[in-house]
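[1] Have a look at this prediction, sequence included:
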Amino acid sequence: MEIDAIDRQILRILQDDGRIPIVELSDRVGLSPTPCLRRLRRLERDGIIRGYSVHVDQVSVGLPVSVFVRVTLERQAETELELFENAISACPEVMECYLMTGTSDFLLRIVAADLFAYEQFLKTTLTRIRGIANIQSSFALRQIVYRTALPLEEKPPVASKKAAMPARRNKRD
């Protein structure tokens, strides 16, 4: 589905404030409430808006430790990848998991209350997943940037080939 400048504006505003009333949202994007709500519902229906959530401060809830873990599997066959993905998806400590290129197969971000809690996760959960060849952990000292909002700038119009190419001159000119 193609999204236009108004859709992008709606998304930018909602990324900043997902609880904004539809009347205020419609005012900010220059639409009346009904067409604005139609656009919002279409963005939800088409999966562009995947849901709404609350951002919880991990330190305030007792999970101040962030660990980035690189995992290498013994084999990169489809069944082994799926086995790991299914196992890791069931772990609530795993906040993010990416299939990677390079020297590691997966990159995880794990949160924990302290080093002991991470060690327990490592011993009782991660190392028990079949097919892991290597695990490397790096502890974050301090978070510098954390964003949840995507950089949705207005998309510049795409010039057509005809408009982008200089006009050919006739040999007689």
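    Right, received. Where do you want to start?
[2] secondary structure class for the residue nearest to residue 74 when sequence neighbours are not counted?
    Once its chain neighbours are removed from consideration, residue 74 has its nearest residue in residue 133; the separation is 4.4 Å (Cβ to Cβ, 6 or more residues apart in numbering). In short, each C-beta sits where N, CA and C put it, glycine included. The local conformation at residue 133, judged by DSSP: H, G, I helix; E, B strand; the rest coil, is strand.
[3] what sits against the residue most central in space within the chain?
    Here the mean C-alpha position of the chain is nearest to the C-alpha of residue 148 (Cα atoms, centre = their mean), at a distance of 7.4 Å. By Cβ atoms under 8 Å, 6 or more residues apart in numbering, the residues touching residue 148 are 15, 55.
[4] doesn't it fall inside a strand?
    No - checked against three-state DSSP, residue 148 lies outside a strand; its state is coil.
[5] Do you know the pLDDT at it?
    The score at residue 148 is 92. That number is its pLDDT.
[6] measure it to residue 64 for me?
    Taking Cβ to Cβ, to the nearest Å as the measure, residue 148 and residue 64 are separated by 19 Å.
[7] which stretches of this protein aren't confidently modelled?
    With pLDDT under 70 as the threshold, the chain has low-confidence stretches at 155-173.
[8] can you give me the helices in it?
    Taking DSSP state H, the helices of the chain run over residues 5-16, 22-29, 33-45, 78-89, 115-124, 161-164.
[9] Looking at the ones you listed, which is nearest to residue 96?
    Go through the helices of the chain one by one with Cβ to Cβ and the one that ends up closest to residue 96 is helix 78-89, at 10.3 Å.
[10] From the chain's centroid, how far away is that closest one?
    Centroid displacement of helix 78-89 relative to its chain, using Cα atoms, centre = their mean, to the nearest Å, is 20 Å.
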